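1. Structure of the sequence below:
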Amino acid sequence: MLIIPIKDGENIDRALKRYKRKFDKTGTVRQLRARQAFTKPSVVNRMKIQKAAYIQNMKDNLEN
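-> Have a look, this model is predicted:
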């Protein structure tokens, strides 16, 4: 359960924005969507390798 303490005089929109940001960081929605369908381990490994290659490419581009 997420707890968002609201400070005195704080705007409700700002508190709602903090709640949404905290909710996104927990990854609950992503986890629920991932559980809806089975993903083969080979596909998961392939996606991990592709993500690692993408990140490495981005780091290499920043260095150059």
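
2. mind listing the helices in this structure by residue range?
-> Under the criterion DSSP state H, the chain contains helices at 12-26, 28-35, 41-63.

3. Of all those, which one is nearest residue 2?
-> For residue 2, the closest of the helices of the chain is helix 12-26, at 5.6 Å, according to Cβ to Cβ. From N, CA and C alone the C-beta is placed, and that goes for glycine too.

4. hmm, back to that, would you reformat the helices of the chain as JSON lines and include mean neighbour count, mean pLDDT and distance to residue 6?
-> Output for the helices of the chain, formatted as JSON lines (neighbours: other Cβ atoms under 10 Å; pLDDT from 0 to 100; distance: least, Cβ to Cβ, whole Å):
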{"stretch": "helix 12-26", "mean neighbour count": "11", "mean pLDDT": "93", "distance to residue 6": "5"}
{"stretch": "helix 28-35", "mean neighbour count": "10", "mean pLDDT": "92", "distance to residue 6": "21"}
{"stretch": "helix 41-63", "mean neighbour count": "9", "mean pLDDT": "96", "distance to residue 6": "37"}
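
5. Can you lay out those helices as CSV showing distance to residue 5?
-> Below are the helices of the chain laid out as CSV (distance: least, Cβ to Cβ, whole Å):
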stretch, distance to residue 5
helix 12-26, 9
helix 28-35, 20
helix 41-63, 35
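
6. looking at these, which is closest to residue 4?
-> Closest approach to residue 4 among those (Cβ to Cβ): helix 12-26, 4.8 Å.

7. So what touches that closest one?
-> With contact meaning Cβ atoms under 8 Å, 6 or more residues apart in numbering, helix 12-26 is reached by 2, 4, 6, 29.

8. Distance from the chain centre to that helix, please.
-> 13 Å (Cα atoms, centre = their mean, to the nearest Å).

9. swap in stretch 32-43?
-> That offset, for stretch 32-43, works out to 16 Å (Cα atoms, centre = their mean).

10. how about the contacts of helix 12-26, which pair is most distant?
-> Farthest pair in the contacts of helix 12-26 (Cβ to Cβ) is 6 and 29. Separation: 23.4 Å.

11. Alright, that wraps it up for me.
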